[in-house]
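Asks: I'll drop the sequence and a predicted model, then ask my questions.
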Amino acid sequence: MTKLNKSRIKWLVRQVAKEGRKPSEVAPVYKIGVRRVQQLVKQFKDSGTIPELRKERRPKTFLTTKQEEAIEKAYSETFLTPKCYTMSSKSGAAIRQKTKFTLS
């Protein structure tokens, strides 16, 4: 999901360029950076039209069932998240296997 769409960009640009608000006042409304608001306003002032987002952004990817099973298996054996598991296996660190503790 993107934070900005065409109507949100239009509102941000209108607030800063036409109504005189500061980018630091309007940026928190959509939880974006002040610098991004400044970039959008500059694009508007240079071209005279409301900036648009690029359509050819990276598409969302999904995990296959095989990948999900591999992640679940690795987690159940080591209790590490996929990122930690990858980092520890690349560095050659010893990964502890799941151990059972019994109360005596």
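Replies: Structure received.
Asks: C-alpha only now, for contacts and for neighbours.
Replies: Fine.
Asks: What is the burial count for Thr64?
Replies: Around Thr64 there are 9 other residues, counting by other Cα atoms under 10 Å.
Asks: Can you give me the pLDDT of it?
Replies: The score at Thr64 is 89. That number is its pLDDT.
Asks: That one and Ile71: what is the separation?
Replies: Separation of Thr64 from Ile71 (Cα to Cα, to the nearest Å): 11 Å.
Asks: again with Lys60
Replies: Taking Cα to Cα, one finds Lys60 at 19 Å from Ile71.
Asks: So these two - more neighbours on which side?
Replies: Set Lys60 next to Ile71 and count neighbours by other Cα under 10 Å: Ile71 wins out with 15 against 6.
Asks: Let me know the helix or strand that the more buried one is in.
Replies: Assessed by DSSP states H and E, Ile71 sits inside helix 65-78.
Asks: Check which helices and strands that helix is in contact with.
Replies: helix 82-91 (3 or more Cα pairs under 8 Å, 6 or more residues apart in numbering; DSSP states H and E).
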